[in-house]
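Asks: Below are the sequence and a predicted model for it; my questions follow.
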Amino acid sequence: MSSFKSSATKALDRAQSRMSADRCTALENLPNEIKDIILKPCDLKTFINLALTGPVFYEYVKEDENRIATKFVNKSIITKLRPLAIVRCLAQRMCQGRILHRSEAKEAMDTAKVNSFVDGVLVPQLEKFDPTRVALSITMAVQIISLRNDIDYYALELSKPTRRRGPRPVLRYHEPPSYHVFRTYRETVRFSRALYILQLSCDLFPRDVSRPQLYEEPSRLGGACAKFWGVFAPWEQLQVKCVQEMMHAHMQEMMHAHIANKFHPDYEPKKQENPFDPNTSVLGRFLVDQGLQAIRHYERRGTISEALAKFNDDQSHMDNLRCESWFSADDKPWLKTSSDGAQVSLNVDHIFAKFQEEDSGPRDAWLYTLLSAYVNDAHLHDVFDHVLRRDTIWSHWGYVFWDRHRLDWNSNYTMATGEAMRAMSSDVWMSKDRFKQSTKGKLECVATIILL
């Protein structure tokens, strides 16, 4: 690679030495300050094409590449999502080679690199975003913006049907409030953020961390996964669970309906007499292995069925891949335990203090699902059972993404406040076995999401 770069540099130097000012175009001869003004309205693709026109503009773009790339990333991605978008790009570059060939069991994840990435990149950027820490290239900007486009698409597609599925029926003669019909800005950001976290988790932890035969030190890899998820709130893990299940249903819908972009030049409608019908395990492994952008690519071409069937036929790697992008089947990693590990506390004061939210909706929805399995209180059961019909409807509705006023309206304004539920849980301890037993049934409901 170094010899290639040196050859390219020598060729560029020779080309520049042969050029004189009178052989350059008028635009090339302008000072860089004037070029900046002229090229200000141009998009990123134009800058890339401009750099390919000759040595003058190649040097102009190369010398200012970081500023140009940063400008387009800042313009394309909102401030709340920018740290995750850049961190995901850095993770993809760190995992380069594993992303395309990670189905081979011999390629073990480098635990030290993951820990270093979490401590040195993820945590600092999420706690206090500083774009100067990252030298963005135009190639990185293209990757970041490309993923942004696909995430925007799936955030819209996944959130659209859930708005019609609130547990409180909407009567024809009763107009619901506008916030029940339209997504708020905060709710849209939550869907996009959950998709970024899902993709980041798939990049860093594609293999099943619970299978010790795949790793020299499986406990360390599991510890790296725990450290990664400890950066995010427990309700964000629940959001990632929801969007993965929604993605499963979306892929099945695309398969059965044969929906694709009919204007794509490679699109060919195909009818299958016996279409492949993957189960949840296959869909999960396919999502973890391929990622959101590859799935969007298959969707545009109308080839999701073929890609899934081909993936399922290669059984050599199926058992090694994770089928869930999230970390834990319960909330125990975020809760406090007794010194001997035999009891789990439901006190959430430390969680609320660490993870701040602009709106209490997601936090309160998560706390409700946590307490409803353990705490026998009229505010959690007598009022809610006939309105919300337990967690199946909540998940079906995408409950953990919505603002508090949407939760209030759907519960007919009977939902206990976050502070009230927090007080219910403050002194509750339970045995580890009972915690696991109660959690199992709750999470089976939480994972039930069916797109109509």
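Replies: Received the coordinates, thanks. Residues are numbered from 1 along each chain as shown.
Asks: Check what pLDDT Asp119 gets.
Replies: Looking at Asp119, its pLDDT stands at 90.
Asks: Skip the chain neighbours and tell me the closest residue to it.
Replies: Closest residue in space to Asp119, ignoring its immediate chain neighbours: Lys227 at 7.9 Å, by Cβ to Cβ, 6 or more residues apart in numbering. Quick note: C-beta positions are derived from backbone N, CA and C, even for glycine.
Asks: So the one you found lies in a helix, does it not?
Replies: Yes - Lys227 sits within a helix when classified using DSSP: H, G, I helix; E, B strand; the rest coil.
Asks: doesn't Asn115 make contact with it?
Replies: Yes - counting by Cβ atoms under 8 Å, Lys227 touches Asn115, with 6.5 Å between them.
Asks: so after the lowest-mean-pLDDT helix or strand in the chain, what's the next helix or strand?
Replies: Every helix and strand in the chain was compared by mean pLDDT, DSSP states H and E; the lowest is helix 98-101, with a mean of 40. Toward the C-terminal end, the helix or strand that comes next after helix 98-101 (DSSP states H and E) is helix 111-117.
Asks: what packs against that next one?
Replies: helix 82-94, helix 218-229 (3 or more Cβ pairs under 8 Å, 6 or more residues apart in numbering; DSSP states H and E).
Asks: Not counting its own residues, what contacts the longest one?
Replies: By Cβ atoms under 8 Å, 6 or more residues apart in numbering, the surrounding residues in contact with helix 82-94 are 73-74, 77, 99, 113, 117, 121-122, 125-126, 129, 131, 134, 136, 140, 143-144, 147-148, 193, 196-197, 199-200, 203-204.
Asks: what pLDDT, on average, does that helix get?
Replies: For helix 82-94, the mean per-residue pLDDT is 91.
Asks: got the buried residues for it?
Replies: When neighbours are counted by 16 or more other Cβ atoms under 10 Å, the buried residues of helix 82-94 are found to be Arg82, Pro83, Leu84, Ala85, Ile86, Val87, Arg88, Cys89, Leu90, Ala91, Gln92, Met94.
Asks: where in the stretch 1-150 of the chain is pLDDT low?
Replies: Applying pLDDT under 70 to the predicted model, the residue ranges of the stretch 1-150 of the chain that meet it are 1-23, 96-110.
Asks: which residue ranges form the strands in this protein?
Replies: 343-345, 429-431 (DSSP state E).
Asks: Turn those strands into CSV, columns for mean pLDDT, distance to Leu367 and mean neighbour count.
Replies: As requested, those are exported to CSV (pLDDT from 0 to 100; distance: least, Cβ to Cβ, whole Å; neighbours: other Cβ atoms under 10 Å):
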stretch, mean pLDDT, distance to Leu367, mean neighbour count
strand 343-345, 89, 14, 19
strand 429-431, 84, 16, 14
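Asks: Identify whichever of the ones you listed lies nearest to Ala294.
Replies: Among the strands of the chain, strand 343-345 comes nearest to Ala294, with 38.7 Å by Cβ to Cβ.
Asks: Ser76 contacts Ile145, correct?
Replies: Yes - at 4.9 Å, Ser76 counts as touching Ile145 under the criterion of Cβ under 8 Å.
Asks: on that earlier part again, to Val56, which of the helices and strands packed on helix 111-117 lies closest?
Replies: helix 82-94 (29.1 Å).
Asks: between the strands of the chain, which one is nearest to Asp314?
Replies: strand 343-345 (40.4 Å).
Asks: Give me the contacts around that closest one.
Replies: Counting contacts by Cβ under 8 Å, 6+ apart, the residues touching strand 343-345 from outside are Lys332, Leu335, Lys336, Thr337, Ser338, Val428, Trp429, Met430, Ser431, Lys432, Phe435.
Asks: can those go into TSV with extra columns for distance to Tyr374?
Replies: TSV is the format used below for the contacts of strand 343-345 (distance: Cβ to Cβ, whole Å):
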residue	distance to Tyr374
Lys332	12
Leu335	11
Lys336	15
Thr337	15
Ser338	16
Val428	7
Trp429	10
Met430	6
Ser431	11
Lys432	13
Phe435	8
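Asks: Restricted to buried residues, select those in ChimeraX.
Replies: Per 16+ other Cβ under 10 Å, the buried members of those correspond to this ChimeraX selection:
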select :335,435
